[in-house]
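Engineer: the sequence isn't on hand, but the structure is:
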């Protein structure tokens, strides 16, 4: 079922919101780029850094995501959609797990990505650690 348009300000920017059409069990996908990997001596390899779970520095700092159900309802393979270059993998959450951390999960379609969403809230160090724990692999990281 298509999602209702998000609330927007007078300039057309999406306002932080918790979209009622995004259900608790819906998948929320965070794409991973090469600059979000760090070398970890403990595992003698690379792991996803806390940068991957941080908001942008823009007004209403937000974490950009893709909405799995919306992608799949459009007949698109979500794993293929979120892993095209420059993205090297992806992790996922449920909307409910993000909300349990007092984060808002909203719909924010763009011209280039009608399946785009945002996560808003206070991304403290503790929350970023929790997001790393909650994240499940969605597309295996292909680090070169």
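Structural biologist: That came through, no problem. Note that the structure is a prediction, hence the values are computed from the model and not measured.

Engineer: just the buried residues of stretch 130-137, please?
Structural biologist: Going by neighbour count (16 or more other CB atoms under 10 Å), the buried part of stretch 130-137 is 130, 131, 134, 135. Glycine gets a C-beta too; all of them are placed from N, C-alpha and C.

Engineer: list the contacts of that stretch.
Structural biologist: Applying CB atoms under 8 Å, 6 or more residues apart in numbering, the set of residues contacting stretch 130-137 from outside is 30, 48, 50, 52, 53, 89, 91, 92, 93, 97, 98, 101.

Engineer: farthest pair within the buried residues of stretch 130-137?
Structural biologist: 130 and 135 (9.6 Å; CB to CB).

Engineer: now, among the buried residues of stretch 130-137, which is nearest to residue 17?
Structural biologist: Using CB to CB, those come closest to residue 17 at residue 131, 19.5 Å.

Engineer: would you verify that that closest one is located in a helix?
Structural biologist: Yes. Under DSSP: H, G, I helix; E, B strand; the rest coil, residue 131 sits within a helix.

Engineer: and it, how far is that from residue 125?
Structural biologist: Plainly put, residue 131 is 11 Å away from residue 125 if you go by CB to CB, to the nearest Å.

Engineer: now the buried members of the contacts of stretch 130-137.
Structural biologist: 30, 48, 52, 53, 89, 91, 92, 93, 97, 98, 101.

Engineer: the fifth one reaches residue 79, doesn't it?
Structural biologist: It refers to residue 89. No. Between residue 89 and residue 79 there is no contact under CB atoms under 8 Å: 9.9 Å.

Engineer: where's the most centrally placed residue in the chain, which helix or strand?
Structural biologist: Among the residues of the chain, the one closest to the centroid is residue 65, at 2.7 Å (CA atoms, centre = their mean). Residue 65 belongs to strand 62-67 when assigned by DSSP states H and E.
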